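In: the following comprises the amino acid sequence and a computationally predicted model.
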Amino acid sequence: MNITLNGSHHAMADGASITTLVSQVTGRPLATDGQATDGRKLGVAVAHNSAVVPRSQWYVTPLADGDDVELVTAVQGG
Amino acid sequence: MTETSSVNTLNQPIGADQLVIDGVALGSRLIMGTGGAPSLDGLGGALIASGTELTTVAMRRYSPAETGSLFQLLVEHRIRVLPNTAGCFTARDAVMTAELAREALETDWVKLEVIADEQTLLPDAVELVDATEQLVNRGFKVFAYTNDDPVLALRLENLGATAVMPLGAPIGTGLGILNPHNIELIVSRASVPVILDAGIGTASDAALAMELGCDAVLLATAVTRAQNPALMGEAFKHAVIAGRLAKAAGRIPRREHALASSAMEGRAEFL
């Protein structure tokens, strides 16, 4: 399936969850509660079709073809 | 310790007294922004030199190339993170950005910025009021970046803002505090912390903000774009303490004519 990630096309295996996507993009293995298994803070958040998905819900939230995902983190500013 | 001493029993200057916000004690009244720094190394040095314990960050799309760095830098130095909603023009965008920040950074503190246009970067009062109300209802601790308008500042406080942050001058201009009278008026009527935010150009501007009674100062550009950011960070650290001490000490009234500080009596007479 194809989704839009941060405004660009992104190919994913059918039925992949947000956990799979975040882990793939950040290169950090994630537990089912959405925390990084390396114990360090992950520092990212996800909006799925314009709704914020808490990290505890990433694992049980499947993505569908055509979905829009924003993956954000803290950068210099303000 | 004598009556006139400016140090407390811990040998700390009064000006370094803690700022307590939402039950959190901050050892420095200088809040730093991180925008405008050309490199992360330089930024780290400036943050440490400034002594800040609270620092703003922006929320942007994750990019695998440049990741981990800023957030990790702050975590390493035990600097608390204050996410902002920079770049938001509507209450809707600001609320969404705040929700993402809360999720990413695990804090319910947010510096709420809702700007009107890119040329002035001035807060849009109508959207700001709307966003403050929504975020307070969602359990956020709102640090509201606002115009130097005493009426608006009070409205934001009444809506439940945790702190109000009037601007000294537009963001990045370095023009200092353009309307000191309004800042004083905001301070005199506020019962939440007042943090002077934006427009600071150099150390004396921060000292003035504290002398006017502000509880803290937030700045970024003045340090990050200074020729020597670490040196300027240190200058601001002292300026905020100096201004706080001067406010506590009570300045002399301004007079029209000179007032001799040496007694006129007892002068020698020369024939």
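Out: On my side now, so go ahead. Residues are numbered from 1 along each chain as shown, chains lettered A, B, ... in the order given.

In: how about the residues of chain B by chain A?
Out: B:33-37, B:40, B:43, B:56-62, B:64, B:66-68, B:70-72, B:75, B:81-84, B:86, B:96, B:99-106, B:111, B:113, B:220 (Cβ under 8 Å from any Cβ of the partner chain). C-betas here are computed from N, CA, C, even on glycine.

In: out of those, which are buried?
Out: B:33-37, B:43, B:56-60, B:62, B:67-68, B:70-71, B:81-84, B:86, B:96, B:99-105, B:111, B:113, B:220 (16 or more other Cβ atoms under 10 Å in any protein chain shown).

In: which of these fall in helices?
Out: Taking DSSP state H as the definition of helices, these contribute B:43, B:70, B:71, B:96, B:99, B:100, B:101, B:102, B:103, B:104, B:105.

In: residue of chain A closest to chain B, please.
Out: The nearest approach of chain A to chain B comes at residue A:77, 2.6 Å away (Cβ to the nearest Cβ).

In: apart from its chain neighbours, what residue comes closest to that residue?
Out: The shortest distance from residue A:77 to any non-neighbouring residue, by Cβ to Cβ, 6 or more residues apart in numbering or on different chains, is to residue B:58 (2.6 Å).

In: for residue B:163, see how far away residue B:247 is.
Out: 18 Å (Cβ to Cβ, to the nearest Å).

In: tell me which of those two has more neighbours.
Out: residue B:163 (26 against 19; other Cβ atoms under 10 Å in any protein chain shown).

In: circling back: now render the ones in helices among the buried ones among the residues of chain B next to chain A as a markdown table, adding pLDDT.
Out: Compiled in a markdown table, these are given as follows (pLDDT from 0 to 100):
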| residue | pLDDT |
| --- | --- |
| B:43 | 85 |
| B:70 | 79 |
| B:71 | 78 |
| B:96 | 95 |
| B:99 | 96 |
| B:100 | 96 |
| B:101 | 95 |
| B:102 | 96 |
| B:103 | 94 |
| B:104 | 92 |
| B:105 | 91 |
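
In: what's the longest strand in the chain?
Out: Since you didn't name a chain, this refers to chain A. strand A:68-76 (DSSP state E).

In: sorry, should have said chain B
Out: strand B:54-61.

In: quick one: residues in contact with that one.
Out: Identification of contacts with strand B:54-61 by Cβ atoms under 8 Å, 6 or more residues apart in numbering or on different chains yields A:6-7, A:45, A:70-78, B:26, B:28, B:31-35, B:47, B:70-71, B:74, B:79-87, B:97, B:100-101, B:104-105, B:111, B:218, B:220.
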